[in-house]
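# Got a predicted structure here, sequence first:
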Amino acid sequence: MFSLRSALAIVTSTPNYCWQKKIDRTIKTFGKMINVFVYGTLKKGQPNHHYMIDGTKGKGTYWGKGCTDEKYPLVIAGNYNIPFLLNVPGTGQEVTGEIYLVDDQLLKFLDEFESCPELYQRRPVRVRILEWDDKGDPLGVKPDVDGMLTCFSYSTSTYDQDWLKLPYYNNFDAFGMHGQPNYNPRENR
Ligand code: PCA
């Protein structure tokens, strides 16, 4: 029989359960797809982008471009020049990135890949839509361009306080333009 206990066991075994209690109710899921905003190495043309779309770690679909509604400090830090969105809303710049629809499997992979929750934490962020890819409206929440959508994103509160003194960017590019040494891909570490 389908008991409350077995229903709870299913819910608590989903990869994002520990965050579920806290997430903004405007994050909607469609089947198992959820919207994620990426601003760093997971974007198109960046070193880890392939995970988002090649299907090897789960299903992901590019959905559009956006920028954070609030300002955040986006810094390039650590020994490997990794981009970090510091969880200090109101400081820094509005940060541009891309919105993807991802399934549970890819979300779980991304949590592990981003060393969540030790290095980054996945939390809701309000994103202003800059451009939609023409993929319909699978979540039933697709706002107009310039409208707002709450997405998950990997930001951090577990950063070194000195990182607040680093330069803040509005866009990350692992291949230069920011005057910092380039991102060091995992394969090279
Ligand atoms: N990967 C995640 C967080 C920072 C990073 O390099 C992203 O692209 O959003």
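On my side now, so go ahead.
# Quick one: residues contacting Ile82.
Going by CB atoms under 8 Å, 6 or more residues apart in numbering, Ile82 touches Gly40, Thr41, Ile76, Tyr183. C-beta here means a position set from N, CA and C on the backbone, and glycine is covered the same way.
# could you flag which of these are buried?
Buried by 16 or more other CB atoms under 10 Å: Gly40, Thr41, Ile76, Tyr183, out of the contacts of Ile82.
# Now for the first one: which residues touch it?
When you say that, I think you mean Gly40. Gln46, Ile82, Pro83, Phe84, Leu85, Gly97, Tyr154, Phe172, Ala174.
# and those residues near the ligand, which?
With CB under 6 Å from any ligand atom as the criterion, the contacts of Gly40 include Ile82, Pro83, Tyr154 near the ligand.
# Could you name the specific helix or strand carrying the residue of the chain found nearest the ligand?
Residue of the chain nearest the ligand, by CB to the nearest ligand atom: Gly40 (2.8 Å). Here Gly40 is covered by no helix or strand, with elements defined by DSSP states H and E.
# cool, and Gln105?
Gln105 belongs to helix 104-113, assigned by DSSP H and E.
# Where does pLDDT dip in this protein?
In the predicted model of the chain, residues 1-32, 177-181 satisfy pLDDT under 70.
# Show me where it has its helices.
For the chain, the helices defined by DSSP state H occupy 4-12, 17-20, 50-53, 104-113.
# Next one: the residue of the chain closest to the ligand relative to Gly147, how far apart?
Gly40 sits at a distance of 24 Å from Gly147 (criterion: CB to CB, to the nearest Å).
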